[in-house]
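Peer 1: no sequence on this one, just coordinates:
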């Protein structure tokens, strides 16, 4: 297991962590101040400053991208399917422009939540089939662009509205069907917030193996959690056995960044950017 | 699949659904008014009016108990373990006094949440082992009393503080280890709120089979869900495919009540008891 206690050279900042404190260019400047070497930006943050300006700032600062957030939201009715496909292809193109390690896929839940305007359906099985079909179609495009796709299973509390892929097992079943050769073109993003509770977690990290482990995200689960979406905790403030999970992931040969991703309306989004980054770095050393 | 559209003879009321509107004796009177034939009361509601008075009221009104809520909260440090054991034995005794169909087990999460005062531990695996040990010990007592124990897997969002058993698969693994003979002494409570998202749901309902399916609970999952604990929806107001799940459960031979259990700080707990029961009955006919 790699030693994180001495420096933060393997920390990546998911830029949603400070999305309320400044735009992407300001966040990149802050990363330079704090000697953060990698980020994972969101498409809406990139769009706000413009793709060219964002890519230029990333390259000028020598930053790497541990991932690009995000493609997905596959379930849609027939009228919205082509738009979903095109949108996801643009996400691949943008990830390529940055030289990102992977495009993270938040696959979407029921169609009217994944692609608003779609006809209402509560057929979860059908949504899951659409997800797999959508990933399969995007994979052809992403392979040509040499951009790995990382399916991120989300916590089951998001099954209806954000992602109906909710466990590593389910993600890996999809990977095995679409990429049986384990080519590296398709894998998973393992975010401790989403998977920590899973009784099969350690079994499935082994099943994933090095070829399928494309990203590793950290934050913490607070008790109580006051909001389903935006009450994630700073590492060390909650109950997740983060180091134990990281050890399991690295035992498979994972050598990527450890990406800090905290959505926190009630706490961290209210603090100054430099304080948040300083705390992320401290906790990355002591609690990851 | 049984026809629920004509009457509500198979509806059971989990009495937490109207816990803010009156005490257990008032709830039992309301059930009589609405011709509800079964309930599932909570221990704290029973304690408030006294066990003898509660049993007397149940029997005077000819009510059945689809379950008794609840035993469990097994994880504890050494100093709190004997109290947990004794507390659970009293829960079995109370369930017997009512002639309940089963004692529902909410197994508990980390020890300092399950049994406050216990030393802090984030070792989820250890908590899970304590749960299994605790159920095994209680099972001996419950067998003697002929009271079936129903493990209720809770949604993964409760893994830390309420139940570290979070899927039917995990529950059934415990059942198979502690009761390999499928004697009926140990099984599961299948609550649609906790299991609807599970990619293995229908596989595991079949695996459970008639012998393990001891209780069936209904409510709905709202989008958005505004509170992790007390924002459950009335059947038909959310996204759960309730009838599909009930069909799968009944295909295994389940013949028990369908128990309505809604915790709703923001909506149903604020309405008059008669309105809530009337709505439960209507929705039981149209959306279960």
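Peer 2: Done, it's in. Bear in mind the structure is a predicted one, so any value in this text is a computation, not a measurement.

Peer 1: close to chain B: what parts of the stretch 101-250 of chain A are there?
Peer 2: A:110, A:113, A:122-124, A:128, A:155-157, A:159-161, A:164, A:166-167, A:169-170, A:196-199, A:221, A:223-225, A:228, A:238-241 (CB under 8 Å from any CB of the partner chain). Where you see a C-beta, it was placed from the backbone N, CA and C, and this is true even at glycine.

Peer 1: tell me which stretches of chain A form strands.
Peer 2: Using DSSP state E, the strands of chain A run over A:11-14, A:38-40, A:64-65, A:68-72, A:103-106, A:149-151, A:186-191, A:213-218, A:258-260.

Peer 1: need these in a markdown table (columns: distance to residue B:262, mean pLDDT and mean neighbour count).
Peer 2: What follows is the strands of chain A, written out as a markdown table (distance: least, CB to CB, whole Å; pLDDT from 0 to 100; neighbours: other CB atoms under 10 Å in any protein chain shown):
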| stretch | distance to residue B:262 | mean pLDDT | mean neighbour count |
| --- | --- | --- | --- |
| strand A:11-14 | 36 | 98 | 28 |
| strand A:38-40 | 39 | 98 | 27 |
| strand A:64-65 | 45 | 98 | 19 |
| strand A:68-72 | 32 | 98 | 27 |
| strand A:103-106 | 30 | 98 | 27 |
| strand A:149-151 | 34 | 99 | 28 |
| strand A:186-191 | 31 | 98 | 27 |
| strand A:213-218 | 34 | 98 | 26 |
| strand A:258-260 | 38 | 98 | 27 |
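
Peer 1: which of those sits closest to residue B:67?
Peer 2: strand A:186-191 (35.7 Å; CB to CB).

Peer 1: middle-most residue in chain A, spatially?
Peer 2: residue A:104 (5.0 Å; CA atoms, centre = their mean).

Peer 1: ok, that residue - contacts?
Peer 2: A:40, A:67, A:68, A:69, A:70, A:71, A:72, A:150, A:152, A:189, A:215 (CB atoms under 8 Å, 6 or more residues apart in numbering or on different chains).

Peer 1: hmm, the first one is touching residue A:258, no?
Peer 2: No. Counting by CB atoms under 8 Å, no contact exists between residue A:40 and residue A:258, whose distance comes to 11.1 Å.

Peer 1: what number of residues lie near residue A:125?
Peer 2: 13 (other CB atoms under 10 Å in any protein chain shown).

Peer 1: let me redo that: residue A:241
Peer 2: Based on other CB under 10 Å, the number of other residues close to residue A:241 is 16.

Peer 1: contact partners for the residue lying closest to it once chain neighbours are set aside?
Peer 2: Distances taken as CB to CB, 6 or more residues apart in numbering or on different chains put residue B:122 closest to residue A:241, at 5.7 Å, once the chain neighbours are dropped. Counting by CB under 8 Å, 6+ apart, residue B:122 touches A:239, A:240, A:241, B:110.

Peer 1: wait, the third one touches residue A:201, no?
Peer 2: Looking back up the chat, that one is residue A:241. No. With contacts counted by CB under 8 Å, residue A:241 stays clear of residue A:201, the gap being 9.8 Å.

Peer 1: what about the residue nearest to the centre of chain A, distance to residue A:171?
Peer 2: 12 Å (CB to CB, to the nearest Å).

Peer 1: please enumerate the helices of the stretch 101-250 of chain A.
Peer 2: Counting by DSSP state H, counting those that start in this stretch, the stretch 101-250 of chain A has helices at residues A:111-114, A:124-144, A:168-178, A:192-195, A:201-212, A:242-251.

Peer 1: would CSV of those with mean pLDDT be doable?
Peer 2: Formatted as CSV, those follow (pLDDT from 0 to 100):
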stretch, mean pLDDT
helix A:111-114, 98
helix A:124-144, 98
helix A:168-178, 98
helix A:192-195, 98
helix A:201-212, 98
helix A:242-251, 98
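
Peer 1: among these, which is nearest residue B:88?
Peer 2: Across the helices of the stretch 101-250 of chain A, closest to residue B:88 is helix A:201-212 (CB to CB), at 28.1 Å.

Peer 1: residues contacting residue A:284?
Peer 2: Per CB under 8 Å, 6+ apart, neighbours of residue A:284: A:4, A:8, A:11, A:218, A:235, A:258, A:260.

Peer 1: overlap of the contact sets of residue A:104 and residue A:171?
Peer 2: Joint contacts of residue A:104 and residue A:171 (CB under 8 Å, 6+ apart) are residue A:152.

Peer 1: touching both of residue A:40 and residue A:258, which residues are there?
Peer 2: residue A:12.

Peer 1: off-centre distance for stretch A:29-36?
Peer 2: When distances are taken as CA atoms, centre = their mean, to the nearest Å, stretch A:29-36 is centred 21 Å away from the chain's centroid.

Peer 1: what comes into contact with it?
Peer 2: A:8, A:11-13, A:18, A:22, A:37, A:39, A:61, A:63, A:273-274, A:277-278, A:281.

Peer 1: so which of these is the most crowded?
Peer 2: residue A:13 (31 neighbours).

Peer 1: just checking, it touches residue A:41?
Peer 2: No. Using CB under 8 Å, residue A:13 makes no contact with residue A:41, being 9.2 Å away.

Peer 1: so what sits against both of those two?
Peer 2: residue A:27.

Peer 1: pLDDT at residue A:107, what is it?
Peer 2: pLDDT recorded at residue A:107 is 98.

Peer 1: rewinding a little: and of the contacts of residue A:284, the nearest to residue A:48?
Peer 2: residue A:260 (21.1 Å).

Peer 1: so what's residue A:179 closest to, chain neighbours aside?
Peer 2: Nearest to residue A:179 is residue A:186, by CB to CB, 6+ apart, at 4.1 Å.

Peer 1: tell me the contacts of the one you found?
Peer 2: Taking CB under 8 Å, 6+ apart, one finds A:135, A:139, A:148, A:149, A:151, A:175, A:178, A:179, A:212 in contact with residue A:186.

Peer 1: show the buried residues in the residues you listed.
Peer 2: Applying 16 or more other CB atoms under 10 Å in any protein chain shown to the contacts of residue A:186, the neighbour count classes A:135, A:139, A:148, A:149, A:151, A:175, A:178, A:179, A:212 as buried.

Peer 1: can you redo those as a markdown table with distance to residue B:90?
Peer 2: Listed next are these as a markdown table, based on distance: CB to CB, whole Å:
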| residue | distance to residue B:90 |
| --- | --- |
| A:135 | 52 |
| A:139 | 57 |
| A:148 | 56 |
| A:149 | 54 |
| A:151 | 47 |
| A:175 | 49 |
| A:178 | 53 |
| A:179 | 54 |
| A:212 | 49 |
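
Peer 1: out of the residues you listed, which is nearest to chain B?
Peer 2: Of all the buried ones among the contacts of residue A:186, chain B sits closest to residue A:151, with 13.1 Å by CB to the nearest CB.

Peer 1: report whether stretch A:75-85 contacts chain B.
Peer 2: No. Using CB under 8 Å from any CB, stretch A:75-85 never reaches chain B; the gap is at least 12.6 Å.

Peer 1: who's in contact with that stretch?
Peer 2: With CB under 8 Å, 6+ apart, stretch A:75-85 has contacts from A:73-74, A:108-111, A:114-115, A:117-119, A:121, A:126-127, A:130-131, A:134, A:137-138, A:164.

Peer 1: can you flag the buried ones in those residues?
Peer 2: Counted by 16+ other CB under 10 Å, those give A:73-74, A:108-111, A:114-115, A:118, A:127, A:130-131, A:134, A:137-138, A:164 as buried.

Peer 1: before we move on, back to that, ok, of the contacts of residue A:284, which one's closest to chain B?
Peer 2: Among the contacts of residue A:284, and counting by CB to the nearest CB, the member closest to chain B is residue A:235, at 12.5 Å.
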